[in-house]
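In: Give me coordinates for this.
(2 chains)
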Amino acid sequence: MKISRRGFVKLVIGGTSAAVLVAAAWLLGTRPGRETLLSLTEQPVASKSVTLTVNGAQETLDVKANATLLEALREDLDLRGAKPGCLNGECGACTVLLDGLPVYSCQRLAVELSGHSVTTIEGLSGGASLTPLQQAFQDEGAFQCGFCTPGFIVTATALLESTPRPSELQVRQALSGNLCRCGSYAHVVKAVLAAAEAT
Amino acid sequence: MAKRASSARLVSRPAPMVGQPLKRVEDRKFITGTASYLGDLKLEGMLHAAFVRSPHAHAKVLGVETERALAQPGVVAVLTAADLEGRVAPLMEPPAPGEAEGWGANRSGVTRMALATGVVNYPGEAVAVVLAEDKYSAEDGAELVGVDYESLPAVTDPERALEPGAPVVHADLATNLASHETVGAGDVSRAFKRADRVVKVRLLNQRLAPSPMEPRGVVAHYDRGTGLLTVHLSTQDPHGARGEIADKLMLREEDVRVIAPDVGGAFGGKAGVYPEDVVVAHAARLVNRPVKWVETRRENLLTMTQGRGQVQYAELAMSREGRILGYKVRLVVDGGAYGGERELARITLDMAPGVYDIPSFQGEADVAITNKVPMGAYRGAGRPEAAYLIERAINVASARMKLDPVKVRRLNYIKKDKFPFKTSGGMTYDSGDYHANLQKALKVSGYEGLLAERARARQEGRLVGIGLATWVEVCSFGPSWPQSASMTVTEEGRVLLNLGGHSHGQGHATTFTQVVADELGVAVGDVTVQDGDTAMLPWSSLTAGSRSAALSGGAAVLCARKIREKMAAIAARKLGARSPAKMVFSKGHVFREDLPSKRLRFADVARMAYAMWSLPPGMEMTLFAYGVYAPKSNAYPFGTHVALVEVDRESGLAKVLKYFAVDDGGKMINPMIVEGQVQGGVAQGIGQAITEELAYDQEGQPLSTTFADYLIPSADVMPHVVWDTTNTPTDANLLGVKGMGEAGTIAATPTVVNAIEDALSEFGALVERMPASPAYLRSLMKR
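Out: Sure, this is the predicted structure:
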C-alpha cells in the first residue's frame, strides 16, 4: 500500500502535540493524567541535559522538554539553515538527517535525542567546499527564493546515500515531502539526477 | 572608411552578458544554509509578540480582559485597540472629499484599525498583542487573554453579500458593495444582435493563498537616542512599507528605516503593510525594546491577503465561422472584510479581451465586502482572471459550436501588423505576433501527435484531453510608477549597484549584474548588487507585476551611463582624446575608439575619480550615480501553452501528462532565470486548476489552515514543462524586455482546465469551478 505524503503527514501530526505534553509530564515526574495535561501551561517547563552529535561534534545542551530539535539547532546551536516553514511537519523546510535519515526536525523533541547523530545543511560541505549535490543545485538553477533549499538538499543527500543511481520517479517520490512554492521542482529533479551522474 | 573598419576589428568586443544563462551569483548562501531571513534575526533584549485572533468570522467585541495574561511569567505587556487609540492611525479610513480617486483610494469608505475595535470582521483578525520574553510565554499569554464576543451573522459568498437582506459587514456603510467598475468600447448590443450564436458561461475563479514558504515576519527596533525606528520586514516593498509605517505611527518618513533581509517568497502577499507590522513597530517604540513576530503557517493561511476570488460571467457574440463580434463580462469579486484591492478587478476588465481583436466589449465588476481576509495581489493579480475567462470561454464556445479551438483562436488573434494595438479593454499593446507564437507551440508540442495520442487513449476508454491557451498580460506598470537604483564605483574599481526593486527569488543580483557588466565592460565578478534597505536609496516603487527587469534594469542602465560619461571624461583627458564620446569600455579597460592599443584599466580610471588632481576641471570627485527609470509604455508579454491531461475515470484525479510552453518575453537577460520563473509559475497555475482550495463553512469558519488542507503542488505531481520561446522586439523600455515573472501562472490554469474539460467531453460537462478536484470531476461524470 502506498501512503501519500499528505496522508502520512496527517498521521504524524495527530501524534505530536500529545507527545510534547507526555514528554513534559514525564520530565516533571508525573504520570500524565488529564489534570496534569490541562495544568501544564500554567507550570514552568522542565529542562534536561542531552548529549548528541551535531555535524560531527559532540554537543551537550540544556533543552526544555517542549523544545523541538529544530529549535535546539536554531536557538541553542545557532544553526539556522533548517527553516521553520510550517511547524506542522508538512513542508520539509526543516529537514535534517537524524542518524543518516531525513526527518522533519520540527516534529522531533530534542529531549528524545541523546546519543543520536544529527547532520544539518551546514554540516554537509564542511564550510569551504560544496558537495556535488550543492554544486548541481547551483548549476541547474534549482531554486529561487532559497527558503526551502536546505531541506531539499538534505533530503536529496539522504536519497543519494541510499540510492546512488535513482530514477526520476524515485527522485520525485523522495522529494514529495518537501514543498517549494517557487515551484522549482523540474530543476531540483534535474540537479539531483545530475549529482547522481557526477559521483 | 577602411581605417574605421580596421580599428573596429582591433576593438574586440566580448560576447554580451545579457542573453547568457549565467549561473546565479547569489546562490552560495542559499545552498549552504547561510542566507539570513527574517526569522533568523536575533537582537539583544528582543521581545516576542503573539497576536490574539478572532475565532469568529463576524462578531462584536464586548470586552477584552488582559489580567491573566499579564500575570503569566515572561509576559511584559498586552496591547488592545484601546491602547492604540490616538497613537496608531487607522489603516483605512473614509476619504476626505475629493480624495477617493487614484490607485489604492478607499472608495468604499470603510474604516480599518490595526487591532480590531468593537467588531471583528474576519476569522483571524487581530484583537490584541502579547509581548513576552520568549515565544512560548507570548503564545501562552495570548491564550490567556479573554475576549468577550457576541457573534454576528457572517457572509462569505460575494454574490450572496450583494443580495438584499444579506448580513451587512460594516454597519456604518449599509451595503457590502465596495466598488463598481466599468470598462468598454464599441457597440456591444449591435454585436449581440448580429451574432449567429451567443455563448454564455459562468465560471468560479477561486480564492488562493499566496503561501510563500517563508511566512510573514517583522522585527522592529527603536533607537531612543536618535529617534530612528528600524523595521526589519519580510516584504517585497521596503520603500512603500517605510512610508506606510511612518504614516500610521504618525512619524516623519526619515525616522523610519525598513530593511528587507532575504525574503523567502512573496508572490504578491508581501506587497503591502499588514496590521501586525504596524502594531509590532508601535510596540517596539512603546516598550523601547526590539520586538519580533513571525507568523505561524495557520496565521499565514488565515491572515495573508488572498488572491483571485471572482465569480465570472461571460457572453460571447459569435459569427457562424467563429469570429468574436462582441464580449460581455460581469465579475462579482470577493473583496473580503475591507473590500480588498478593487484595482485588481479593474485590471481583469482592462485585460479581458486578451489576445483577441474583439470589436466591442462591455465589462463591469462589483467588488463585494465579505467576512473573509482581505483580497489582494497574488502572482498575476487581476490578469490571470482575465486570461482564464476569455481562454475558457473560447474553449466552451468552440466545443458548443463544434469548431476547432485552435482555428477559432487564429481567426480572432490581433494580427501582427496592427501593433501597437488598442484593445476594446482600453489597453495599448506594444508588440506581438500571436500567430507565429501559436505555430511554434503547435510544433514544439507535436500537436498532431497529441491529437493521435488522445484518439488512442480514448479508444482504450481513457479520459484524456488536450488544452491550449494563449495568454497576454500587462507588465511593468512603469510610465507613472518608476523604480530607482544607485551605483557606486569604488576606488578599487568595484561596481556596487543598489536597487529599489527587491529580489525574493527572482535572481535580481544575477540579472542586473549581467546588465551592468555589459554597460561598463567589466567582469561579472566585479559587480555587487544590493537591495532591501531604505537607507540606501531615497525612493523606489516595489517588485511586483513582472516589472523589475524593465524598471530596475532601466534604472541600472541609467546609472551605468552616468558613471560611464564621467569615467569617459576622466579617461579622455588622460589619453588626450578630443571627445569623451569616443571612449570604449570593454573587458575591464577604457580606451579611445581610434586608439585601442593605448588602454587604461577600468580600476585605474576609477581611482583617478577619487583624486582631485586627476579630474578634469570642475568635475566632482567620486563615482556615484542615481537613476529613476520610467519606461515610455507598459509591455505585454504573451505565449501559448499546451497540455495533455488524463482524468482517472474511477477516482476523478486529474493528472497532467505533458506540458508545453512557448512564451514571448521580448529580449531575455538570463534565459535560465526566465525558465525558472515559467516552470514555477506553471506549478502555481496547475495548483489553482487542480488542488488549491480555501474552503469555508457556512458560518465563515476557514477549513484550510494547514498545508495538509491547502494543497500546493509537490514534486511528485508536477510535470516537466517543455519550454521554448519566440522573441518579438519591443521598444517599450530601454532593455526591450517584457516581463516573465507571472507568465506560467497566468497560462497554466486555463490550459489545464481546458484539457480537463476536453477529457470529460463525452459527458458534455462544463468545468464551472476550480479546483478540479477528484470529487468535483467525479460529480461531472454523468451523462
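In: Need the CA coordinates for stretch A:65-84. CSV is fine.
Out: C-alpha atoms of stretch A:65-84 as CSV (Å, rounded to 0.1, in the frame of the first residue of the first chain):
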residue,chain,number,x,y,z
ALA,A,65,11.0,19.4,27.5
ASN,A,66,8.9,21.1,24.8
ALA,A,67,11.8,22.2,22.6
THR,A,68,11.9,20.6,19.2
LEU,A,69,15.1,19.5,17.5
LEU,A,70,14.6,22.5,15.1
GLU,A,71,14.6,24.9,18.0
ALA,A,72,17.6,23.4,19.7
LEU,A,73,19.5,23.6,16.4
ARG,A,74,18.4,27.2,15.6
GLU,A,75,18.3,28.8,19.1
ASP,A,76,20.9,26.8,21.1
LEU,A,77,23.5,26.0,18.4
ASP,A,78,22.9,28.9,16.0
LEU,A,79,22.5,26.5,13.1
ARG,A,80,19.8,28.4,11.2
GLY,A,81,20.0,26.6,7.9
ALA,A,82,17.0,24.4,8.7
LYS,A,83,13.9,26.6,8.4
PRO,A,84,10.6,26.8,10.1
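In: List the buried residues in it.
Out: Going by neighbour count (16 or more other CB atoms under 10 Å in any protein chain shown), the buried part of stretch A:65-84 is A:65-75, A:77, A:79-84. Glycine gets a C-beta too; all of them are placed from N, C-alpha and C.
In: Can you tell me the SS state at B:A386?
Out: Following DSSP: H, G, I helix; E, B strand; the rest coil, B:A386 is assigned to helix.
In: so what's it up against?
Out: Applying CB atoms under 8 Å, 6 or more residues apart in numbering or on different chains, we find B:A386 in contact with B:I347, B:T348, B:L349, B:D350, B:M351, B:A352, B:G354.
In: now with 6 Å?
Out: B:A386 is in contact with B:T348, B:M351, B:A352, counting by CB atoms under 6 Å, 6 or more residues apart in numbering or on different chains.
In: can you redo those residues as TSV with neighbour count, secondary structure and distance to chain A?
Out: Converted to TSV, the contacts of B:A386 look like this (neighbours: other CB atoms under 10 Å in any protein chain shown; DSSP: H, G, I helix; E, B strand; the rest coil; distance: CB to the nearest CB, whole Å):
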residue	neighbour count	secondary structure	distance to chain A
B:T348	30	helix	23
B:M351	28	coil	23
B:A352	32	coil	27
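In: Same list (the residues you listed) but as a markdown table, adding distance to B:V464 and pLDDT.
Out: Formatted as a markdown table, the contacts of B:A386 follow (distance: CB to CB, whole Å; pLDDT from 0 to 100):
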| residue | distance to B:V464 | pLDDT |
| --- | --- | --- |
| B:T348 | 31 | 98 |
| B:M351 | 31 | 98 |
| B:A352 | 31 | 98 |
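In: Show me which of the residues you listed is closest to B:P729.
Out: Ranked by distance to B:P729 (CB to CB), those are led by B:M351 at 21.9 Å.
In: from what I can see B:T511 touches B:P671, true?
Out: No. Counting by CB atoms under 6 Å, B:T511 sits too far from B:P671 to count as a contact (10.9 Å).
In: higher neighbour count, those two?
Out: Comparing B:T511 with B:P671 by other CB atoms under 10 Å in any protein chain shown, the one with more neighbours is B:T511, at 27 against 15.
In: Give me the pLDDT for B:E391.
Out: Here, the pLDDT recorded for B:E391 equals 98.
In: What are the phi and psi values at it?
Out: Note on B:E391: backbone dihedrals following degrees, to the nearest 10 are phi -70, psi -30.
In: re earlier: of the buried residues of stretch A:65-84, which fall within the contact range of chain B?
Out: Among the buried residues of stretch A:65-84, proximity to chain B is found for A:R80, A:G81 (CB under 6 Å from any CB of the partner chain).
In: Could you pull up the contacting residues of the closest residue to chain B within chain A?
Out: Residue nearest to chain B within chain A: A:G81 (2.2 Å; CB to the nearest CB). For A:G81, the contact set (CB under 6 Å, 6+ apart) comprises A:T120, A:I121, A:E122, A:P150, B:G33.
In: What sits closest to it if chain neighbours are left out?
Out: Distance criterion CB to CB, 6 or more residues apart in numbering or on different chains; nearest residue to A:G81, sequence neighbours excluded, is B:G33 at 2.2 Å.
In: doesn't A:T119 make contact with the one you found?
Out: No. Between B:G33 and A:T119 there is no contact under CB under 6 Å: 11.5 Å.
In: Mark out where each domain of chain A begins and ends.
Out: Domain ranges of chain A: A:5-40, A:47-123, A:132-198, per automatic domain parsing.
In: Next to chain B, which bits of chain A? Give me the list.
Out: Checking chain A against chain B by CB under 6 Å from any CB, the hits are A:6, A:9-10, A:41, A:80-81, A:85-86, A:88, A:90-91, A:93, A:121-122, A:134, A:137-138, A:141, A:144-150, A:172-173, A:175-176, A:179, A:181-186.
In: Apply the buried test to the residues you listed and list what passes.
Out: With neighbours counted using 16+ other CB under 10 Å, the residues of chain A next to chain B contain these buried positions: A:6, A:9-10, A:80-81, A:85-86, A:88, A:90-91, A:93, A:121-122, A:134, A:137-138, A:141, A:144-150, A:172-173, A:175-176, A:179, A:181-186.
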